[in-house]
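> let me see the structure of the following:
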Amino acid sequence: MFDCTPDVRHLEIMSQVLRYVRVDGNVPEIIERIINFFTVSDKTRVALSEEILKKIEREGLDINKRKAYDNGANMADKYQGVQARISENPLAKFVPCTAHTLNLVGVNTATAVNEVSGYF
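Next up is the predicted model:
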């Protein structure tokens, strides 16, 4: 999974997270590991997808598994977003991030109240 968020300097920082299932005997365990953080200077669809594809190739990861993106237009747009570019591989499946949508509801609601807008 890849996701961007601004840091205190207002630079976009992308995180790279691996999520996988490890089975020990008959007991499955979901493992999530942050493996990388890096600064993103260009947040366009093309630049983000190229950066993600380079990272996947450099890490030797299998792109033929599931991918998850937030629901931002530059990520999830099925015609022009990062999802569309990554999904040019016919084995890549898109999984939308429901938590991103819920977070946007909270942010948009809270920004209407000046006292709490600084928390988001």
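> out of the helices and strands in this protein, which is least certain?
In the chain, the helix or strand scored least confidently by mean pLDDT, DSSP states H and E is helix 73-76, which has a mean of 56.
> report how many residues lie close to the closest residue to Ser41 other than its chain neighbours.
Spatially, and ignoring its direct neighbours in sequence, Ser41 is nearest to Glu12 (7.6 Å; Cβ to Cβ, 6 or more residues apart in numbering). C-beta here means a position set from N, CA and C on the backbone, and glycine is covered the same way. Other residues near Glu12 number 15, with proximity taken as other Cβ atoms under 10 Å.
> one more: Asn114?
8.
> show me where this structure dips below the pLDDT cut-off.
63-103, 107, 113, 115-120 (pLDDT under 70).
> bridging residues for Asn36?
Counting by DSSP bridges, Asn36 is bridged to Gln16.
> show me what contacts it?
Asn36 makes contacts with Ser15, Gln16, Lys55, as judged by Cβ atoms under 8 Å, 6 or more residues apart in numbering.
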